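# Structure for the following, please:
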Amino acid sequence: MTVTGARQASEDRVFAALANATRREVLRLLRDGGPQPVQALADHFDMRRPSLSEHLKVLRDAGLVSEERAGRQRIYRLEATPLAEVQDWLHPYERFWRDRLKGLAALLDRMPDDAES
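Model prediction:
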């Protein structure tokens, strides 16, 4: 696999992980609450622990979380670097919409007000 192909596969894993609301909520919980054991995360969801473990595996495979063993517990931590890469990918689209909205604002500024008619 080429470097570009490997980067594309990595981006695909991140976007696939972010496509699920449960996984986005796990990331939010880790962002807001810091590293947490699986059970603390599981307490926030109405699902069996094996289902949550599958979500955590997807997040881990995408590089969005890391796992550390502490005795019998597994502690999960947010890894934000892949999110910065998503932001970099989205930036040109943000610029596109900002330019479009500036154009719309300029057009509206040139239009006569209804009060003047």
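# measure the most centrally placed residue in the chain to W89 for me?
Closest to where the C-alpha atoms of the chain average out (Cα atoms, centre = their mean) is L18, at 4.9 Å. Separation of L18 from W89 (Cβ to Cβ, to the nearest Å) stands at 11 Å. For glycine as for every other residue, the C-beta is placed from the backbone atoms N, C-alpha and C.
# in stretch 8-18, what counts as buried?
Applying a neighbour-count criterion of 16 or more other Cβ atoms under 10 Å, one finds 13-14, 17-18 buried in stretch 8-18.
# ok, of these, which one's closest to A40?
Lowest distance from A40 to the buried residues of stretch 8-18 (Cβ to Cβ) belongs to A17, with 20.1 Å.
# Contacts only, for that closest one.
The contact partners of A17, by Cβ atoms under 8 Å, 6 or more residues apart in numbering, come to 23, 58-59, 61-62, 64.
# ok, now with 6 Å
The neighbourhood of A17, defined by Cβ atoms under 6 Å, 6 or more residues apart in numbering, consists of 23, 58-59, 62, 64.
# which of these has the most neighbours?
Neighbour count (other Cβ atoms under 10 Å) singles out L59 as the most crowded of these, with 28 neighbours.
# Let's verify that one: helix, strand, or coil?
Classification of L59 by DSSP: H, G, I helix; E, B strand; the rest coil places it in helix.
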